[in-house]
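Engineer: pasting the sequence and the predicted model now:
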Amino acid sequence: MDYTIITITLLLALFVLLGGGVWVALSLLGVGIIGMELFGGAPAGSILASISWASSASWTLTALPLFIWMGEILYRTRLSEDMFNGLAPWMRGLPGRLLHVNVFGCGLFAAVSGSSAATAATIGRISLPELKSRGYPESIAMGSLAGAGTLGLLIPPSIMMIVYGVAAQVSISRLFIAGILPGLLLLAIFSGYLMLWSACNRSKLPEEGERLPFMEKLRRAKLLIPVLGLIVAVIGSIYGGIATATEAAAVGVVGALLIALLSGSLTRETFMASLMGAVCTSCMIFFILLGAAYLTSAMSFTGLPAALADWIIAKQLSPYLLLLALTLFFIALGCFLDGISIILLTTAVILPAVQAAGIDLLWFGIFVILVVEMAQITPPVGFNLFVIQNLTGRNLGAVARASFPFFLLLVLAAILITLFPQIVLALPQAMRGT
C-alpha cells in the first residue's frame, strides 16, 4: 500500500473539514471514517461503537472534569485579587518590581487551575489594570502575562497532562510530578528576562512607590495561605503517594469550595456557573478525545504509524533531529489548532516513531506540552493572545508582538530540557525510589 497516498488523502480531508469550520471532534471522526473505509479494511461503524465506549470508560479520565471544576470555582473567587495584594510587596525589591506579579501570580494560580487561558484571564483581570494605573509599559505587561499564562499547561495539575497521559498510556501522577521542575525553570527564565529588560529600560519604568515595613509585608503574605495550602494538598498528596491524581482532584475541588466559601464568593449563582462551565469544557474535551481515539484506531488499521516508525529506524534519524522536526510541526499546527487538539490529533502517528527513536514517553509528554505552550501565544489561534486582547482591547498583532520574546524563552526552555533531560525525570525517579 502506498503510504504517501494515504497520508496526502487524510491530511487533505482534515484541512478541508477544519477549513470549512467543522468542529475539531467531528473533523477527527470524519477523517477516521474516511481512513477506515478507504484504507482500513474494517467495518467503520462497528469500530466506532466499540471505540466510543473504550475511550470514555476510563477511571483515569475522572480526574479531568474535577480539575476543570476546581479551576472554574477559583476563577470566580477573589483569589486573584488576594494573590496580587499578597505578592506585590515582595516584588518591589526585584528589578522590574510589579511586573514579576504576572509571572509569580500565574505560577501560583497555574498550580491550582490546570488551564492556560484561565490562568491568564484570572491574573490579568487584576494585574493589567493595576500595572497600567501605576505607569508600567503596556507591551511588557501584556507580553509577560501571555508568556506566564502558559504555565497553566506545565505546572501541575495540568489538563493537558491528563489528556496526554490518557492518549499515550503514561501515568498521570508521574506526569504531574515531572512537570514541577520544568515549570519552576520556566518561571525563573521569565522572571530573569524581566530583570534583564528592566535593567536595559530603566527610563520606561515608573518611580518606585513607598516601601512597606517588613511586618506589613508578612501581614499581606497571609493572603497567599489559601492558595499555597491548596497546592500542598493537591501536589503533596500525589508526591507523597497518599492519593492518585483522581483522588487529589477531589481534594482540590473540596479545597476550592472551602476557599470560595471563606472568601464569601460561594453563592448559588457562582456555584452553578462553575458547574456549568466545567460541564461544557469537559464535554468538549471528551468529544475531542472520542474523535481522536477513533482516528487513532483508523490509523492503526491503515498501518501508517508502524510504517512511519519503520522509516525512522531505516533512516536512523537522531532523536535531536526528530525532536526538531516535531517542534516545527507542532508550532505550525499551533497556528490553527488548540493544544488539546494538537496532542490528540498527532499522538496516534508520532508516538510509535518517538518510541522507535528511543525517546522516553514521560519526558516527551513534558516536551510536547512545552511546545504546545508556544502555540498558546502563536497567532492566529493563540488562546492566550485572545484572552489578553479581550482584557486590553488591543489588536491581535500588538499582543502577538509583545508576546514574541516570551515565545523565544519557551524555545530556550525546550532546548534546556532536551540537553538536560534530568530536569524532567529527576523527581519522578525519586518518587519511584529509583
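Structural biologist: Perfect, thanks for sending it.

Engineer: in what helix or strand does the most centrally placed residue in the chain lie?
Structural biologist: Centrality entry for the chain: nearest residue to the mean C-alpha point is L153, 2.0 Å, by Cα atoms, centre = their mean. Per DSSP states H and E, L153 falls inside helix 151-154.

Engineer: what comes into contact with that helix?
Structural biologist: 106-107, 109-110, 113-120, 158-160, 179, 182-183, 186-187, 339, 366, 369-370, 372-373, 376 (Cβ atoms under 8 Å, 6 or more residues apart in numbering). Glycine gets a C-beta too; all of them are placed from N, C-alpha and C.

Engineer: let's see that with 7 Å instead.
Structural biologist: 106-107, 110, 113-116, 118-119, 160, 179, 182-183, 186-187, 339, 369-370, 372-373 (Cβ atoms under 7 Å, 6 or more residues apart in numbering).

Engineer: give me the mean pLDDT for it.
Structural biologist: Averaged across helix 151-154, the pLDDT comes to 83.

Engineer: packing partners for the helix or strand just after that helix?
Structural biologist: Counting by DSSP H and E, the element after helix 151-154 in chain order, helix or strand, is helix 159-168. For helix 159-168, the elements it packs on are helix 63-75, helix 172-178, helix 339-356, helix 361-376, judged by 3 or more Cβ pairs under 7 Å, 6 or more residues apart in numbering; DSSP states H and E.

Engineer: can I get those in TSV with distance to L17 and mean neighbour count?
Structural biologist: Listed next are the helices and strands packed on helix 159-168 as TSV, based on distance: least, Cβ to Cβ, whole Å; neighbours: other Cβ atoms under 10 Å:
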stretch	distance to L17	mean neighbour count
helix 63-75	25	26
helix 172-178	30	26
helix 339-356	12	22
helix 361-376	20	24
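
Engineer: wait, which of those helices is closest to Y239?
Structural biologist: helix 172-178 (5.8 Å; Cβ to Cβ).

Engineer: in PDB, list the C-alpha atoms belonging to that closest one.
Structural biologist: Once non-C-alpha atoms are left out, helix 172-178 reads as follows in PDB (Å, rounded to 0.1, in the frame of the first residue of the first chain):
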ATOM      1  CA  ILE A 172      -0.700  11.000  35.100                       C
ATOM      2  CA  SER A 173       0.700  11.200  38.600                       C
ATOM      3  CA  ARG A 174       4.200  10.800  37.300                       C
ATOM      4  CA  LEU A 175       3.500  13.400  34.600                       C
ATOM      5  CA  PHE A 176       2.300  15.800  37.300                       C
ATOM      6  CA  ILE A 177       5.500  15.300  39.200                       C
ATOM      7  CA  ALA A 178       7.600  15.600  36.100                       C
END
